[in-house]
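Visitor: Okay, here's the prediction I keep looking at, along with the sequence it came from:
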Amino acid sequence: MITLISSDKRKFHVLEEVANQSLTIRDVIEDRRGRRRADRIILVTNINSKIPEKVIVYWLRHFLMPEEIAHASMSHKKAEKLKKWEAKFFDTDIDTLNDLILAADSLDIPSLFDGACEKVSDILKNRSAEEVGEISKIENEFTHEEEEEEIPSENAWVWRNEFA
Amino acid sequence: MDDSAMNSQIGFLPLDLIIQILSRLPSKSLIKFKSVCKSWYLLISSTHFTQLHSRFSSQTLQLVIQPPDPTDPNSEKLLFVDSSTPSSNLSLDFVNDCIKVRASSNGILCCSSVKNKGVYYVCNPITREYRILPRTRDRPFTRTQPFYEATLVGLCFNPISFKFTVVLAGFYRSFGQFRGNQFVSNVFYSETNSWKRFEFPLIDEFTHMNRNQAVHDNCSIFWLTQNCTHLLYFDSEIENWGKIALPGEILGIQNGSRVYLLEYEGHVSVIQISQGVMSTFVLKDRNLEKWYILDQVKLNCIGCFANSGIPVGQNRCFVFLAAQRNVLAYDRRSRVWKEAGSSSRCSSGSMYPLWFSAFPFKGSLFPCKF
């Protein structure tokens, strides 16, 4: 059993086999093998407690079917089921998705990372530049003239298509 | 872009994660998002990002279909069909000419001018960038159907170096002669912006049903010969033409079978439709002329399309079959057929069937200036 501690000091107990899906954790466990039990505690300082919960749910779902099976030889029915489950899993607000991406990045969980990135790009895909700026909390530092001249002239067709 | 900008946090996520998200977006959205902020503009325009993005975008296959009559002002737009979303339109009006798509490679199209024979363009319909190729010294190779153009047109765009080659080839027919006996090819190299001319003794009769679609792998462009026994290829590295025999299974049954040349995940592939079965072969080793069979699909569930459908594009997940008015997609994983795009927009009153001008297309941000 492994204990994860989040930034707000909540503890999560996970089976080692399950947590192994994180390459970072696997490496840490590998490094500390043979040591005392206290060393099986891993601090996950950059994420709050909401995220480990989600990550562990994701792990448990995926634990039952290792990566290789999930892609190559899994039956079509099972693949569809997993797809549906993932769609539901990733159906949250953008802030949670961003935290998931950060967590998946630092814990090195490729499938979770890909899934979350895909979901975010899905959300952004059909939005306008202004909406995307708002969602991603970006200040548009283009000066007014630049925006008027340089960019729209290059992309005039995009604007046209959008209102068509 | 300097390093400090690369490591900084833009908005909600660190830049390296932003890159991961953006690289999964379709090219069309990215063009739009260039105006979100300056760092996104620089990022999306950068070479590194373009390459990273192509790695993701090459996984989704689209078909680009040009309305059969490019001179008709109402049908100037290209139609993009994909397996899941409704079809969309893009116009080629940024090239101020009436053009016809002749070849497609990594999101770059090679088009010929309809009015000015022998004028060729290379363009990216997503970024709306184009380049007009200098004229060759040869007069354009003639052909009766449907416009007078070079018989074989091939484009090979290298996604790493951004360089491309265009091959125009055909039998040179001197004045008064019924048919040419000299195989002439003009090859355009984008880095030198010049043509090179090669002449060969008669190699083989080629072109297949007027759809002499070229397929490229890393350095060669392939065509199917008329009698469906060989592939003809031009290797731009060693600048030589060659011939490869099709798999024995195809050569075995000649009667009543149709053979088509397509790309499969960067490899050369042929699809044979014979007695209601569609078999896909992939070229494994060019020098040994070794093929392997990818899959065999029974076509009886699609009824009359089995006879009229023509495979026009494929990847790991899908095979696209184009017929007179609609496009069918076969999902290789679930083994289900469905109609791709919205059929109402595909159909036009023209006499030419859809497959006549359908090319596989993988949207990219690649430039065509190198």
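Guide: Received the coordinates, thanks. Since the structure is predicted, the reported quantities are computational estimates derived from the model, not experimental observations.
Visitor: going forward, measure contacts between C-alpha atoms and count neighbours the same way
Guide: OK.
Visitor: residue contacts, residue B:57?
Guide: If you count contacts by Cα atoms under 8 Å, 6 or more residues apart in numbering or on different chains, residue B:57 has them with B:24, B:25, B:26, B:27, B:362, B:363, B:364.
Visitor: Same list, these, but only the ones touching chain A.
Guide: Filtering the contacts of residue B:57 for proximity to chain A (criterion: Cα under 8 Å from any Cα of the partner chain) leaves B:24, B:25, B:26.
Visitor: List the buried residues in stretch B:155-165.
Guide: For stretch B:155-165, a neighbour-count test (16 or more other Cα atoms under 10 Å in any protein chain shown) marks B:155, B:156, B:157, B:158, B:159, B:162, B:163, B:164, B:165 as buried.
Visitor: the bottom helix or strand of chain A by mean pLDDT?
Guide: Across the helices and strands of chain A, the lowest-confidence element by mean pLDDT, DSSP states H and E is helix A:156-163, at a mean of 43.
Visitor: rewinding a little: and the buried residues of stretch B:155-165, which is closest to chain A?
Guide: Minimum distance to chain A across the buried residues of stretch B:155-165 is 21.5 Å, recorded for residue B:162 (Cα to the nearest Cα).
Visitor: residue contacts, the closest one?
Guide: Neighbour list for residue B:162: B:366, B:367, B:368, B:370 [criterion: Cα under 8 Å, 6+ apart].
Visitor: 7 Å instead, please
Guide: Under the criterion of Cα atoms under 7 Å, 6 or more residues apart in numbering or on different chains, the contact list for residue B:162 reads residue B:370.
Visitor: Let's verify it: helix, strand, or coil?
Guide: State at residue B:162, reduced to three classes by DSSP: H, G, I helix; E, B strand; the rest coil: coil.
Visitor: Just give me the longest helix of the chain.
Guide: Unless you meant another one, I'm taking chain A. Longest helix of chain A, by residue count under DSSP state H: helix A:110-125.
Visitor: meant chain B actually
Guide: Longest helix in chain B, counting by DSSP H: helix B:47-57.
Visitor: Please, where are all the strands along the stretch 151-300 of chain B?
Guide: For the stretch 151-300 of chain B, strands defined by DSSP state E, counting those that start in this stretch occupy the ranges B:152-157, B:164-172, B:182-189, B:194-201, B:215-216, B:220-224, B:230-235, B:240-245, B:257-264, B:267-274, B:277-285, B:290-298.
Visitor: Of all these, which one comes closest to residue B:316?
Guide: With Cα to Cα as the measure, strand B:257-264 is the member of the strands of the stretch 151-300 of chain B nearest residue B:316 (7.3 Å).
Visitor: Could you tell me the angle between that closest one and strand B:267-274?
Guide: Interaxial angle, strand B:257-264 versus strand B:267-274 (axes from the mean of the first three to the mean of the last three Cα atoms, to 10 degrees): 160 degrees.
Visitor: So what touches strand B:257-264?
Guide: Around strand B:257-264, the neighbours that count as contacts under Cα under 7 Å, 6+ apart are B:215, B:224, B:228, B:268-274, B:313-315.
Visitor: Domain parsing of chain B, as residue ranges.
Guide: Following automatic domain parsing, chain B resolves into domains at B:3-50, B:58-361.
Visitor: Turn the strands of the stretch 151-300 of chain B into CSV, columns for distance to residue A:132 and mean pLDDT.
Guide: Listed next are these as CSV, based on distance: least, Cα to Cα, whole Å; pLDDT from 0 to 100:
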stretch, distance to residue A:132, mean pLDDT
strand B:152-157, 32, 86
strand B:164-172, 34, 80
strand B:182-189, 40, 81
strand B:194-201, 43, 81
strand B:215-216, 37, 84
strand B:220-224, 41, 84
strand B:230-235, 45, 84
strand B:240-245, 50, 84
strand B:257-264, 35, 85
strand B:267-274, 37, 88
strand B:277-285, 42, 89
strand B:290-298, 42, 88
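Visitor: As CSV, those with distance to residue A:86 would be great.
Guide: Conversion of the strands of the stretch 151-300 of chain B to CSV gives the following (distance: least, Cα to Cα, whole Å):
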stretch, distance to residue A:86
strand B:152-157, 36
strand B:164-172, 40
strand B:182-189, 47
strand B:194-201, 52
strand B:215-216, 37
strand B:220-224, 41
strand B:230-235, 44
strand B:240-245, 45
strand B:257-264, 29
strand B:267-274, 32
strand B:277-285, 32
strand B:290-298, 29
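Visitor: How about the residues of the stretch 201-350 of chain B by chain A?
Guide: Residues of the stretch 201-350 of chain B lying close to chain A (Cα under 7 Å from any Cα of the partner chain) are residue B:334.
Visitor: hmm, back to that, neighbour-wise, which of the contacts of strand B:257-264 leads?
Guide: Each of those was scored for neighbours by other Cα atoms under 10 Å in any protein chain shown, and residue B:224 scores highest at 28 neighbours.
Visitor: Pass me the low-pLDDT residue ranges in chain A, would you?
Guide: For chain A, the stretches with pLDDT under 70 are A:34-40, A:45-49, A:64-75, A:139-164.
Visitor: Could you pull out the helices in it for me?
Guide: Using DSSP H, helices in chain A cover A:16-19, A:23-32, A:50-63, A:67-71, A:76-89, A:94-107, A:110-125, A:129-135, A:144-154, A:156-163.
Visitor: related to what we said a few turns ago, name the nearest of the ones next to chain A among the contacts of residue B:57 relative to residue A:131.
Guide: If you rank the ones next to chain A among the contacts of residue B:57 by distance to residue A:131 using Cα to Cα, residue B:25 comes first, at 15.5 Å.
Visitor: ok, the closest one touching residue A:121?
Guide: Yes: with contact taken as Cα atoms under 7 Å, residue B:25 and residue A:121 are classed as touching, separated by 5.7 Å.
Visitor: And the two? Which one has more around it.
Guide: Regarding residue B:25 and residue A:121, a neighbour count based on other Cα under 10 Å identifies residue B:25 as having more, with 22 against 19.
Visitor: so what's the more buried one up against?
Guide: When contacts are counted by Cα under 7 Å, 6+ apart, residue B:25 touches A:121, A:125.
Visitor: returning to that earlier point: TSV for the buried residues of stretch B:155-165, including distance to residue A:54?
Guide: Shown next, in TSV, are the buried residues of stretch B:155-165 (distance: Cα to Cα, whole Å):
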residue	distance to residue A:54
B:155	48
B:156	46
B:157	43
B:158	42
B:159	38
B:162	42
B:163	46
B:164	47
B:165	50
